[in-house]
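1. Sequence unavailable; structure follows:
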């Protein structure tokens, strides 16, 4: 009996083990993902079939429809055409593939139709089979620019166009982008339209603009602005350093600069030349939109930049302090990001090899630093106002808890994680802190070099060594973490690997204010608002109370960002709410400021009535610490390193 029971039990156990495997064999498996396309793997060899002829028609202004026509030399057989996906400067796979329509491909002189098929695993790839005897195909499609804000940044109006060439081209796979040649032609809306680009002009024939043949990588890196209100200002430091400011506006008044403003922009180019002692371009064109119609932008390119500010940027100069580093930031990218580029961000084409952003704290963080320093050195922004910007940056990190969970290096993944779409809790998610925290870390490095060398060396020397090499070559030179450390040690021996790793790759809850402290200042708070900030807030879309109540609010009372674990957060203030009243008065930003100041001298709470959807509630915020505007205060008896950093170089 015992033996039979043991046998039966063993049989049951075996059955329990075997049956699931038998049943599993009957479960259907997922369809395998389509393998990569062998002929699309980029090789460093010329596209032997010849140059691609591209015509772009931007005359349909009202409907913002851009017509694209290409003649692509080909050889018979399988061919993959790519729409650019991984975009330099965006650091992400953000090519606007959803905005193209009407794709038609035909063959030969007779334009016989060719069937195309989109790759199911990569929607940016289109496959065609070129028939025998066919030497060219014709590609036609429309790029449908955003008509509404919800569809993306407006890039065209009836008087202005921001044309990014990556939006209007398909290119053959299988080659490095530098091995493909494009012959571009642009059709403008009228003969009175002017344009600016880093591309070399071949000729203009009425509304048709023909450019010289150019490699695909340079073509995509050379956007074009066009419009009817245009002004070109020479900022060159000499015949060997040609730089121009190309202004496009909503009207002539918006692009009329004073002699002082022109002189400040010339000083920017001069100070950059002194800093880098080099340049890596044949000529450089700052493309600057001054418009309320076409969306603002700040995007770097090797021999040009896409800049954009509000229509009153120059006419309300005193209220534009916050934006004045834009030109310097994007100009600096010609050295930092374009000529010198992280090795994992340099890709052979725009599709097959994904970009990686691990060194954006150099690419963007150091650019943020030099952009602000050059803005001060040129006089575009005063040293005092620049110190206020640094104070706001440090104070923002003091108000944020995100540095307790996310190392700075991980924020470099954010352009790929979210493709720069908005997030709900900015201070907690810290989407792209490699810009501003990177700036503070490079200030720390600069002051440390100055201190260690007794003033004999500075980060200026690193800029010349690291970014200024091989002038005037503009062939991209890549770098790694080890290269950064090596050149820092060349300038000033120190444990730079440890310095950077503890600040970039490890959790660093302490706000990186050592550069400010070593620079001879300390961060303090008070109720006095800087004059430039008060002027800016008169027309600003939102006003920040991050260091007091812990949120930003628009002029109509709509709550923007709410800082994680701030006073407002703990009292139930949520992004998207609307403040209706402040202490029983109709909301205004001035009423909110008055309430904060009154609470500083009283034990009474600040009462806010807020609306969210159909719900209205009143909260009482027990806060009494004032407006807490951040500023930097000079510490007597300490070296004034920060003042020396921001002073113009003679």
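-> It's in. The structure displayed is predicted, hence computed values, not measured ones.
2. Mind splitting this protein into its structural domains?
-> 40-228, 236-247+257-520+635-650, 533-629 (automatic domain parsing).
3. quick one: secondary structure of residue 315?
-> coil (DSSP: H, G, I helix; E, B strand; the rest coil).
4. Next: residue 638.
-> Relying on three-state DSSP, one would call residue 638 coil.
5. what's the spacing between it and residue 411?
-> 31 Å (C-beta to C-beta, to the nearest Å). (Each C-beta comes from the backbone N, C-alpha and C, glycine too.)
6. Compare these two (neighbour count), which wins?
-> residue 411 (24 against 14; other C-beta atoms under 10 Å).
7. for that one, what are its contacts?
-> 430-434 (C-beta atoms under 8 Å, 6 or more residues apart in numbering).
8. which one of these sits closest to residue 187?
-> Lowest distance from residue 187 to the contacts of residue 411 (C-beta to C-beta) belongs to residue 432, with 37.2 Å.
9. residues contacting the closest one?
-> Residue 432 neighbours (C-beta under 8 Å, 6+ apart): 364, 411, 414-415, 420.
10. redo that, cut-off 6 Å
-> With contact taken as C-beta atoms under 6 Å, 6 or more residues apart in numbering, residue 432 is in contact with 411, 414.
11. Just list the residues touching residue 433, thanks.
-> Counting by C-beta under 6 Å, 6+ apart, residue 433 has contacts residue 411.
12. What helix or strand is it located in?
-> Assigned by DSSP states H and E, residue 433 falls within no helix or strand.
13. Including mean pLDDT, could the domains of the chain go into a markdown table?
-> A markdown table is the format used below for these (pLDDT from 0 to 100):
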| stretch | mean pLDDT |
| --- | --- |
| domain 40-228 | 95 |
| domain 236-247+257-520+635-650 | 96 |
| domain 533-629 | 96 |
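14. quick one, which of those domains is packed in tightest?
-> Of all these, domain 236-247+257-520+635-650 carries the top mean neighbour count, a mean of 19, counting by mean count of other C-beta atoms under 10 Å.
15. Check the separation of the first and last residues in it.
-> 17 Å (C-alpha to C-alpha, to the nearest Å).
16. and if you look at stretch 419-430?
-> End-to-end span of stretch 419-430 (C-alpha to C-alpha): 14 Å.
17. Distance from it to the middle of the chain?
-> 14 Å (C-alpha atoms, centre = their mean, to the nearest Å).
18. neighbouring contacts of that stretch?
-> 92, 94, 400, 402, 406, 411, 431, 561, 563-564, 575.
19. Among those, which pair sits farthest apart?
-> Most distant of the contacts of stretch 419-430, by C-beta to C-beta, are 94 and 563, 27.8 Å apart.
20. Just confirm residue 367 is within a strand.
-> No: counting by three-state DSSP, residue 367 is not part of a strand but helix.
21. contacting residues around it?
-> Residue 367 neighbours (C-beta under 6 Å, 6+ apart): 329, 332-333, 336.
22. can you do 7 Å?
-> 329, 332-333, 336-337 (C-beta atoms under 7 Å, 6 or more residues apart in numbering).
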